[in-house]
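Undergrad: Please find the sequence and the predicted model below.
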Amino acid sequence: MTFGVRFVFFLQAFCLLTIHTHGQKKEDATAEEVKIEVLHVPKECKPKSKKGDLLNAHYDGYLAGDGSKFYCSRTQNEGHPKWFVLGVGQVIKGLDIAMTNMCPGEKRKVTIPPSLAYGKEGYAQGNIPPNATLIFEIELYAVTKGPRSVEAFTQIDMDSDKKLSRDELSHYLKQEFERDGKKRDASVHGSILADIFKKNDHDGDGFISATEYNVYQHDEL
Ligand SMILES: [Ca+2]
Ligand SMILES: [Ca+2]
């Protein structure tokens, strides 16, 4: 994945937290479930994906009603598989569910009821009619630690004082920029940093605490 894309996720992850806590309550209201058919499992099936992980996958989407294809990640973004953080609402709820506990190399065919997809309204822009049941064929390529993982926090927090200073984040960003290898203006770096602090340093003390960073609810927490 390019650094740009990855970084967008990093930022989105910083912004999405509120949305994802709100979204959780609705689940009980619906009895409808995602149907998962495992088409292929590699011999060594790990790591298994979990909430907060960054996934890389290709998927084709079909309308269950007439079998027509409404989405194909292979024809978008120059055919690069899509990156997204699992379980935080970057994709429809049904896909968050369908892609949990899945390993790299695994293929699944999943059927998602409208209540866990685009609901009564549908999604005109994406050619999804109202009340559409969706079928996705998914091939997962990579499961990596997400931007809000405990690992990421520990990695950024170089002096291990459980809070992220401007210097620590700046250093981390620089490393990420270098890994990507693309030349970037220093001002981009500065504005990203400012943005991260604006959105996350709630008490304005110049540090992002573990609580402010709000690590995704991983098992280890
Ligand atoms: Ca620190
Ligand atoms: Ca703070």
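TA: Structure's in. What do you need? Ligands and ions are numbered 1, 2, ... in the order given.
Undergrad: any idea what sits nearest the most centrally placed residue in the chain, other than its immediate chain neighbours?
TA: Centroid-nearest residue in the chain: Val85, 1.2 Å away (criterion: C-alpha atoms, centre = their mean). Distances taken as C-beta to C-beta, 6 or more residues apart in numbering place Gly146 nearest to Val85, at 4.9 Å, with adjacent residues excluded. Quick note: C-beta positions are derived from backbone N, CA and C, even for glycine.
Undergrad: Check the gap between the one you found and Gln76 for me.
TA: 22 Å (C-beta to C-beta, to the nearest Å).
Undergrad: near ligand 1, which residues of the chain?
TA: Residues of the chain that fall close to ligand 1, judged by C-beta under 5 Å from the ion: 157, 159, 161.
Undergrad: give me that answer again for 6 Å
TA: 157, 159, 161, 163-165, 168 (C-beta under 6 Å from the ion).
Undergrad: Please convert the buried members of those into ChimeraX selection syntax.
TA: ChimeraX command restricting these to the buried ones, with burial defined by 16 or more other C-beta atoms under 10 Å:
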select :157,163,164,165,168
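Undergrad: Can you lay out the residues of the chain next to ligand 1 as JSON lines showing distance to ligand 2?
TA: What follows is these, written out as JSON lines (distance: C-beta to the ion, whole Å):
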{"residue": "Asp157", "distance to ligand 2": "13"}
{"residue": "Asp159", "distance to ligand 2": "16"}
{"residue": "Asp161", "distance to ligand 2": "12"}
{"residue": "Lys163", "distance to ligand 2": "7"}
{"residue": "Leu164", "distance to ligand 2": "9"}
{"residue": "Ser165", "distance to ligand 2": "10"}
{"residue": "Glu168", "distance to ligand 2": "13"}
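Undergrad: right, and out of the residues of the chain next to ligand 1, which lies closest to Glu44?
TA: Asp157 (31.9 Å; C-beta to C-beta).
Undergrad: looking at it, that closest one is touching Lys163, isn't it?
TA: Yes - between Asp157 and Lys163 there is a contact under C-beta atoms under 8 Å: 7.0 Å.
Undergrad: Fine, thanks again, bye for now.
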